[in-house]
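K.L.:
Give me the fold of what follows.
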Amino acid sequence: MALRGRRPNEAEQSDDKTIEINAQMQGSLSFKDPVNLKINGDFSGNLETKGTLTVGNKAKVEANIEGDNVIIAGLVKGDITAHKMLVLMPTASLRGNISTPKLNIVEGAIFQGNCQMSEPLLSVDEVAKYLEIDIHEVENMANSGKIPATRNGNSWRFERSQIDNWASSLRVS
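P.N.:
Numbers count the residues shown, from 1 in each chain. From the prediction side, this is the model:
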């Protein structure tokens, strides 16, 4: 099969969005689109990512981190909120609090702090499919406060257990 001249599809293009930081930086980094971010140097400030954030084994990060998937192999001081999963590799040292639905601490990793296992949050689209209603109706209900939701930037997030309780209360009434 000849691959010459073939254009990558959208899924392949998103996999190519990799940013690697091998220097010393400070400040705030925030990404609206999913990227693969790898930090190999020193960073201090705040990190807000979508996609996968990897802290390399020689990295030193002093920051509060929020992201979808977070993989720590180096030294991190700060709180971490991972919306999908957090992995602490054997060379990881984390001093801070964790909030994530899935946690993998590999033998050898050091963790000092508190951990809260949260349930994964649903998007507007996922709630519309789950409740079998129009996506615009879900957005309108969230904007008017008629459905339990949390604003996350420009989008809404929903906890499945709250949606289940809300839906059950409508059926009883």
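K.L.:
Helix or strand: which one has residue 64?
P.N.:
Assigned by DSSP states H and E, residue 64 belongs to strand 60-72.
K.L.:
Dump that strand to CSV, keeping only the CA atoms.
P.N.:
What follows is strand 60-72, C-alpha atoms only, in CSV (Å, rounded to 0.1, in the frame of the first residue of the first chain):
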residue,chain,number,x,y,z
LYS,A,60,10.9,19.9,38.5
VAL,A,61,7.5,21.4,38.5
GLU,A,62,6.1,23.8,41.1
ALA,A,63,2.5,24.4,39.9
ASN,A,64,-1.1,23.6,40.4
ILE,A,65,-2.0,21.3,37.4
GLU,A,66,-5.4,20.7,35.8
GLY,A,67,-5.7,18.4,32.8
ASP,A,68,-7.4,15.4,31.3
ASN,A,69,-4.6,12.8,31.6
VAL,A,70,-1.5,13.5,33.7
ILE,A,71,1.6,11.4,33.9
ILE,A,72,4.3,12.3,36.5
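K.L.:
Which SSE is immediately downstream of that strand?
P.N.:
Criterion used, DSSP H and E; the element after strand 60-72 is strand 75-77.
K.L.:
what's the next secondary structure element after that following strand?
P.N.:
Using DSSP H and E, the helix or strand that follows strand 75-77 in sequence is strand 80-88.
K.L.:
Check what contacts that following strand and list those residues.
P.N.:
With contacts defined as CB atoms under 8 Å, 6 or more residues apart in numbering, strand 80-88 is touched by 64-72, 94, 96-106, 109, 111, 120-121. Every residue, glycine included, has its C-beta placed from N, CA and C.
K.L.:
Separate out the buried members of those.
P.N.:
Buried members of these, counted by 16 or more other CB atoms under 10 Å: 64-67, 69-72, 94, 96, 98-100, 103, 105, 109, 111, 121.
K.L.:
Residue 31 versus residue 153, what's the distance?
P.N.:
With distances taken as CB to CB, to the nearest Å, residue 153 is found 11 Å from residue 31.
K.L.:
could you pull out the helices for this protein?
P.N.:
10-15, 124-131, 135-144, 160-172 (DSSP state H).
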